[in-house]
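> Quick one, what's the 3D model for this:
(chains A and B)
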Amino acid sequence: MSTSQTTTTEHHSALAHQFDSMAQQQDASTFGMWVFLLTELMMFGGLFAAYLIYRLKYYEAFVAGSTSISVNWGFINTLVLIGSSLTMAMAVYEAQKGNRRWQVNYIILTMILGVVFLGVKAKEYYDKYDECHIPGSVIGKGFDAIGGCDVKNPKLGNIMEEIRDRGNKNGHPVPEPSAKQTAQQTEIFFSFYFAMTGLHAFHMIIGLGLMTWLLLRANRGEFGPAYYTPVELGGLYWHFVDIVWIFLFPLLYLINRTGAK
Amino acid sequence: MASNSSHSHPTPMLYLVIFGCLVAGTVLTYLAATWEMGIFNPIVALAIACTKATLVVLFFMHVRYSTRLTQVTISAGIFWLFILITLSLSDYLSRNLFSR
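Sure, this is the predicted structure:
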């Protein structure tokens, strides 16, 4: 444990007067950041709990909705985000060593991967817009999972047809009324899909803002072995957002993919 | 220098190993979803996701090297999430238990 005597040897400009040492200050900051992240955990946790309850109640509709989103894009985005966590961890490592050039490079790499993630997400959202799978009647032509959204291509986004095709393939034909009902219930799945991925994407945008701020400070050479707390805490935020996606990917994209070869 | 435990961080080599584990977990979770395992599909998917999250928390987020206070606080938060989910689900799952 540090004692008050150690303050005579450590005299950093970033040391706030209420702390004995830089180490104590960093421990306090890390603790505070974690308390904030736990409130974030509660916010996402509420959404996850609601998701699980509705998934149990409308399982068939959740499978149908989940199957209609692109697992390839979700898979690529998972790898992109895990990669950005690696570069973020490396940025903290280089900041701690006081290596200005490489911490700047790693922060830029993290930001590029974050932008790629959001780009892929935008493409996925646009596909759902095209297929009329956005809940409600405000955006596009309104929610429609039983065809009629695109007159030229009635197959586009027709979840009812997909449910019946899959049933016939498995030898369990689904009668049209129940296929239609399940297709209409996928609106609940898509509400969760957009709420959860939307809140996550919003956190990514905030994360990119934080990265911009860190980039400017790192470029000025403000961080070194004695003081790198902002990079460390920015990293905690970035990794937290990564963890949320680690749960979103299997829960939204992979409910049941046994039909995929 | 202060010998505080929060100041010893992992090496880039360890970060690469963790990254490799996370990529392997992502591939595994996709493959697991393509096998018919009935009730075990969501259990396996969540078990893999929890393992990946634990790796990120312990190593990328340095919790393994954090102070005891931080570690206990995080555990309490995760325990609270566990209460939120299990008690909510035990309510919704048991509602029609005796009305058949």
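> give me the element residue 44 is part of.
In the absence of a named chain, chain A is used. Here A:F44 is covered by helix A:22-57, with elements defined by DSSP states H and E.
> my question was about chain B
Per DSSP H and E: helix B:40-55 holds B:V44.
> Could you do A:F192 as well?
Here A:F192 sits within helix A:176-219, counting by DSSP H and E.
> on that earlier part again, check whether the following helix or strand past the helix holding A:F44 contacts chain B.
Per DSSP H and E, the first helix or strand lying C-terminal to helix A:22-57 is helix A:59-67. No: residues of helix A:59-67 contacting chain B under CB under 8 Å from any CB of the partner chain: none, with a closest distance of 9.5 Å. (Glycine included, C-beta is placed from N, CA and C.)
> for helix A:59-67, packing partners?
Other elements packing on helix A:59-67 under the criterion 3 or more CB pairs under 8 Å, 6 or more residues apart in numbering or on different chains; DSSP states H and E are helix A:159-170, helix A:176-219.
> Only the buried residues of that helix, if you could.
Within helix A:59-67, the residues scored as buried using 16 or more other CB atoms under 10 Å in any protein chain shown are A:60-67.
> A:W213: which of those is nearest?
Comparing these against A:W213 with CB to CB places A:S66 closest, at 36.6 Å.
> now the nearest residue to that closest one once chain neighbours are set aside, what's its secondary structure?
Spatial nearest neighbour of A:S66, chain neighbours left out: A:I255 (3.9 Å); criterion: CB to CB, 6 or more residues apart in numbering or on different chains. Here A:I255 is recorded as coil under DSSP: H, G, I helix; E, B strand; the rest coil.
> just checking, A:I255 touches A:S68?
No: taking CB atoms under 8 Å as the definition, A:I255 is not a contact partner of A:S68, at 11.0 Å.
> in chain B, which residue is closest to the centre?
By CA atoms, centre = their mean, the mean C-alpha position of chain B lies nearest to B:C50, the distance being 2.7 Å.
> before we move on, the earlier item: mind pulling up the phi and psi values for the residue nearest to A:S66?
phi -60, psi -50 (degrees, to the nearest 10).
> For it, give me its contacts.
Applying CB atoms under 8 Å, 6 or more residues apart in numbering or on different chains to A:I255 gives the contacts A:55, A:62-63, A:66-67, B:33, B:42.
> Among those, which one lies nearest to B:V72?
B:P42 (29.8 Å).
> This completes my enquiry, with thanks.
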